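Okay, structure incoming, though there's no sequence with it:
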C-alpha cells in the first residue's frame, strides 16, 4: 500500500481497514454496545445506518449541503470501492475503469466527487466524477501519482502529486480543467489538503532540514507559511472562514490540535 499512495494518511486508512476487518466481531460488538448506550442517553437524537451492498467496512468521508454523502467501502476481498449516498438513502457504488482500489475524499453541493484510484500494479490516478457518473482523469504534467483531496462548490479541486523523482507537489485544478502546481519556498515535499470556497488551500511541507511547516495559499497563488509557536512540526489540514485547523507535534512526539486565525 505504501508504494501506491502518496501520503501516510492514505496508507493508514487502508491499514486500519484491514485491521478492523480481521477483528470485526469484537469491534462490532463494542460498537453495538456503545450505540445502545448512546441512544439511551440521547433519545432525541436519531441515527441512520447504511452500507453499500457487499460492504465489509464502510468509511463515509464528506456530506454536502443537500445531504449527499461520499466515501469508500471495503469488500470481503479487501478491495475498496467508492460510493455516493443520496439524501433519500439511495446508494450508488462506483469505480473508475481499471480500478481495484478507489478512494473518495470530496463532494461539492452539485454532487461532483473528487478522489483517486489505482490497480494492483501501476500508479495512482486522480479523478473527478460528475453528478451523472462521468469520470475525468486528473493528472498534472509530470505526475506519476495523483491524489485529489478536496473539491469546492465552483468545481475547484486541490491535492498533490508525485513526480518521477518521488517528490510531492501541491496542485489546484479549476472547473475548466486548468491545473496549476505549487510548492512553498524551500519545500522538498508538499502536501495539500484543506480547500475553502474562496480558493484558499492549506497543507504542509517539509524543508531540507526535515522540518514540517504549515502553509495557506490564497486563490491568487500567494503562499503564507506558519509554525505553531515553539515547535518545528506543524501540519495544516482544514481551512474555512473560521480559520485554519491542523495539528502539531511536541518534543515527545505527541500530536495536538490547533485553530489558527487567518
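Everything's here; your move. All of these numbers come straight from a predicted model, not from anything done at the bench. Residues are numbered from 1 along each chain as shown.

quick one: which helix or strand includes residue 202?
strand 201-206 (DSSP states H and E).

The helix or strand just after that strand - what's its average pLDDT?
Using DSSP H and E, the helix or strand that follows strand 201-206 towards the C-terminus is strand 212-217. Averaged across strand 212-217, pLDDT comes to 95.

Mind giving me the packing neighbours of strand 212-217?
For strand 212-217, the packing partners by 3 or more C-beta pairs under 8 Å, 6 or more residues apart in numbering; DSSP states H and E come out as strand 201-206, strand 223-226, strand 234-240, strand 243-249. C-beta here means a position set from N, CA and C on the backbone, and glycine is covered the same way.

Apply 7 Å and report the result again.
On a contact count with 3 or more C-beta pairs under 7 Å, 6 or more residues apart in numbering; DSSP states H and E, strand 212-217 meets strand 201-206, strand 223-226, strand 234-240.

So which of these has the densest surroundings on average?
Comparing the helices and strands packed on strand 212-217 by mean neighbour count (mean count of other C-beta atoms under 10 Å), strand 201-206 ranks first with a mean of 25.

What strands flank that one, and is each parallel or antiparallel?
strand 189-195 (antiparallel), strand 212-217 (antiparallel) (DSSP bridges).

would CSV of those with distance to residue 229 and mean neighbour count be doable?
Converted to CSV, those look like this (distance: least, C-beta to C-beta, whole Å; neighbours: other C-beta atoms under 10 Å):
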stretch, distance to residue 229, mean neighbour count
strand 189-195, 21, 24
strand 212-217, 12, 23
